[in-house]
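Asker: What follows is a protein structure lacking sequence information:
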Ligand code: BGC
């Protein structure tokens, strides 16, 4: 039996009125990123790299899930399953395909996505930059160039000016702002675990390093410069400062232009555990992945938390998943408890609102996906019960999609994608996730 949502919430969880308010506005949604689902993002750096011999991509994104055309149908499916939010990204390369040349019709496309969200009662959570950039930005030096924060701020201003009448509540400035430094740190581990096949965003780093000379030559041919400093390139300390500056500029712009909108950064953070002697290494990781960015989050209204798994450290560094531990298609440990645990850790030093902007599992076993979601959400609701201001949970991902250098092999989706027919079929996990907005009786 399905209770009236308010009644059900009261029945399952509540004690007080404040708490009731928190649950009833809690966002349950799915997440996607433009390049991974839209298809044909032809003016982007990633599209260019997909066609390069040395780009590191095994497969091309091509039509992806054709979400550029199917967003209304996809949103209807999310709505029908019970979801009340959708996190998606705008593609800078579509909006500003040439330096300083803005394409109004592409901006209107994204505004129509916002309108479609309203039609289907999905609260839009917008990401301004999800890794992918216009190709021209890389020719200008990309994420190691001092010019990039200004270029980004100009794009953000253009977008915000167009969003003035849209009553947007949530904007993520930069997805996983720590990705470049994470990549640098993961290289050794990637080599060891996957023979260069990749981890997290599936970079084929082994072969990329071997082919350095060839890469430089091809970069010159494609981007006009020997280094392609894309967002997911291993990042220097200077590049890291550039990303942080770009974020701060975007928050300022959002606050100036859209007074009712909450702005936040997203970071990829794992649940950090340690065995005897490993605390120092685990703490170092937390410092690098999270604490380091705190000064840049002073003006933010919320934090976009992205977490998929845990990492265990000993005195020598990070350990492999234990013998016999369940691992996901991505090669990391099945550990849905990360959601609640990392929220608690973040809340120790960041007292404002938190939204889980990504959490999910790559698997062919949809029942296991439901188990993952159930455990993750249990952890999230426990945090809310303890008074931590968690405002939403966006499962990654809305549909099986283009998992960067791993191509279409990873199955994160709440819907499956038939690439021949472009059929988008809800998996049982979509309705399972949606059931949390009306809390079916168990
Ligand atoms: C990224 C997504 C990616 C997901 C799964 C996150 O790092 O934001 O683009 O597909 O993890 O690997």
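Answerer: Arrived safely, thanks for sending. Here the structure is a predicted model, which means the values were calculated and not measured.

Asker: Poorly predicted segments of the stretch 201-350 of the chain, please.
Answerer: 201-210 (pLDDT under 70).

Asker: I should have written the stretch 1-150 of the chain there, sorry.
Answerer: Judged by pLDDT under 70, the stretches of the stretch 1-150 of the chain that qualify are 1-23.

Asker: Right, and the ligand sits closest to which residue of it?
Answerer: residue 33 (5.0 Å; CB to the nearest ligand atom). C-betas here are computed from N, CA, C, even on glycine.

Asker: okay but that residue is in contact with residue 88, surely?
Answerer: Yes. Counting by CB atoms under 8 Å, residue 33 sits close enough to residue 88 to count as a contact (7.4 Å).

Asker: Of these two, which one has the most company?
Answerer: Comparing residue 33 with residue 88 by other CB atoms under 10 Å, the one with more neighbours is residue 88, at 28 against 25.

Asker: Quick one: end-to-end length of stretch 29-36, please.
Answerer: One end of stretch 29-36 sits 17 Å from the other (CA to CA, to the nearest Å).

Asker: you'd agree residue 356 is in a strand?
Answerer: Yes. The assignment for residue 356 by DSSP: H, G, I helix; E, B strand; the rest coil puts it in a strand.

Asker: The nearest residue in space to it that is not next to it in sequence: helix or strand, and which one exactly?
Answerer: Excluding the flanking residues, the one nearest residue 356 by CB to CB, 6 or more residues apart in numbering is residue 393, at 4.6 Å. Under the criterion of DSSP states H and E, residue 393 resides in strand 390-396.

Asker: Can you tell me how far residue 329 is from residue 79?
Answerer: Taking CB to CB, to the nearest Å as the measure, residue 329 falls 28 Å from residue 79.

Asker: Kindly report the same for residue 102.
Answerer: For residue 102, the distance to residue 79 (CB to CB) stands at 31 Å.

Asker: What of residue 44?
Answerer: For residue 44, the distance to residue 79 - CB to CB - is 29 Å.

Asker: now residue 163
Answerer: Distance, residue 163 to residue 79, using CB to CB: 22 Å.

Asker: Residue 102 and residue 79: who's more crowded?
Answerer: residue 79 (18 against 15).

Asker: which residues touch the more buried one?
Answerer: By CB atoms under 8 Å, 6 or more residues apart in numbering, the residues touching residue 79 are 120-122.

Asker: If any of those are buried, give me the ChimeraX selection for them.
Answerer: Buried residues among the contacts of residue 79 (16 or more other CB atoms under 10 Å), as a ChimeraX selection:
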select :120,122
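
Asker: Can you tell me the SS state at the closest residue to residue 32 other than its chain neighbours?
Answerer: Nearest non-adjacent residue to residue 32, counting by CB to CB, 6+ apart: residue 398, 4.4 Å away. State at residue 398, reduced to three classes by three-state DSSP: coil.

Asker: any idea of the pLDDT on residue 398?
Answerer: Residue 398 carries a pLDDT value of 99.

Asker: about what we covered before: identify the residue spatially nearest to the residue of the stretch 1-150 of the chain closest to the ligand, adjacent ones excluded.
Answerer: Using CB to CB, 6+ apart, the nearest residue to residue 33 is residue 130, at 3.8 Å.

Asker: Around the one you found, count how many other residues there are.
Answerer: Taking other CB under 10 Å as the definition, residue 130 ends up with a neighbour count of 23.

Asker: And residue 428, by the same measure?
Answerer: Neighbour number of residue 428 under other CB under 10 Å is 13.

Asker: Was I right to think it contacts residue 366?
Answerer: Yes. Using CB under 8 Å, residue 428 makes contact with residue 366 at a distance of 5.6 Å.

Asker: For the ligand, tell me whether stretch 361-371 is touching it.
Answerer: No. Stretch 361-371 does not reach the ligand (CB under 6 Å from any ligand atom); its nearest approach is 7.1 Å.

Asker: Stretch 291-305 now?
Answerer: No. Judged by CB under 6 Å from any ligand atom, stretch 291-305 and the ligand are separated, with a smallest distance of 10.0 Å.

Asker: Any idea how far that stretch is from the middle of the chain?
Answerer: 16 Å (CA atoms, centre = their mean, to the nearest Å).

Asker: Can you give me the end-to-end span of that stretch?
Answerer: One end of stretch 291-305 to the other measures 13 Å (CA to CA).

Asker: mind listing what's buried in that stretch?
Answerer: 293, 296-297, 300-305.

Asker: With respect to the ligand, which of those is nearest?
Answerer: residue 304 (10.0 Å).

Asker: Secondary structure of the closest one: a strand, I assume?
Answerer: Yes. Assessed with three-state DSSP, residue 304 lies in a strand.

Asker: That one touches residue 353, doesn't it?
Answerer: No. With contact defined as CB under 8 Å, residue 304 does not reach residue 353; the gap is 10.1 Å.

Asker: Before I go, just wanted to say thanks for your time.
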